[in-house]
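Student: One predicted model, sequence on top.
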Amino acid sequence: MSKSKSLITSSQNTSKSMINPVSNSSQQELQFGAELTTTLNRIETDYVYKMSKRNFMTIPDTVPAFMALNDIMLNAIAKQKNTNLRLLFQIARDGMDGALNSRKLFSDNAELDIRVLMLNKKNDDIISGKNEVKAIGSTTGQFSITKTFKLAPLYSYYIYLYGMPAYGVGFDATKLSLLATILNKYGVNPYK
């Protein structure tokens, strides 16, 4: 029970009565329904928190899940008479949009970076005369053999975009998956 102060006697009491109707408690907790509370928690954990931690590829992008949360929030906004709560509900709903847009922009940015790399490689090939063939006129002296290793395009693009992974950590599977999808889209075999 909360403490209340009597209007008549000015004494404090922990129970409410006709004599002590005024509560002097400074904290009053807002009560939302279970569905709205669950929705707000899911928006925070699945969308807004992941966006703030820059874990864009872990933000869900399924339309039915998004629409279900969106419908609940739009309904709560429409029913809310308190303008401050309506504003907070609108911020939560807009945060969900922002998180989804952040995921899309992250993917689009990676795709554009790969396209730039592909175009730069084509330009470098043209400028370096890669299509020119040199014939060996004569050979004298010693021969040396060197072995060069070429990374699969998937890993080359990963290192270019995100840097070399820390020792013992390895490549991020979600980023590799995104890059493989983009490379396949442009007809590049990510593994050859």
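Tutor: In hand now; what should we look at?
Student: Tell me who's in contact with the residue nearest to the spatial centre of the chain.
Tutor: With distances taken as CA atoms, centre = their mean, residue 56 lies nearest the centre of the chain, 1.8 Å away. Counting by CB atoms under 8 Å, 6 or more residues apart in numbering, residue 56 makes contact with 50, 102-103, 105-107. C-beta here means a position set from N, CA and C on the backbone, and glycine is covered the same way.
Student: Can you give me the distance of it to residue 47?
Tutor: Distance of residue 56 to residue 47, computed by CB to CB, to the nearest Å: 11 Å.
Student: go on, residue 170?
Tutor: Residue 170 is 27 Å from residue 47, by CB to CB.
Student: These two: who's more crowded?
Tutor: residue 47 (23 against 9; other CB atoms under 10 Å).
Student: Which residue, other than its chain neighbours, is closest to that one?
Tutor: residue 99 (3.7 Å; CB to CB, 6 or more residues apart in numbering).
Student: Next, the contact list for that neighbour, please.
Tutor: Contacts of residue 99 by CB under 8 Å, 6+ apart are 47-48, 50-51, 59.
Student: could the contacts of residue 56 go into a markdown table alongside distance to residue 186 and secondary structure?
Tutor: As requested, the contacts of residue 56 are arranged in a markdown table below (distance: CB to CB, whole Å; DSSP: H, G, I helix; E, B strand; the rest coil):
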| residue | distance to residue 186 | secondary structure |
| --- | --- | --- |
| 50 | 28 | helix |
| 102 | 23 | helix |
| 103 | 20 | helix |
| 105 | 19 | helix |
| 106 | 18 | helix |
| 107 | 14 | helix |
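Student: Which one of these is nearest to residue 70?
Tutor: Proximity of the contacts of residue 56 to residue 70 was ranked by CB to CB; the top entry is residue 103 with 15.5 Å.
Student: Counting neighbours, what do you get for that closest one?
Tutor: Neighbours of residue 103 (other CB under 10 Å): 20.
Student: Cool, thanks, signing off.
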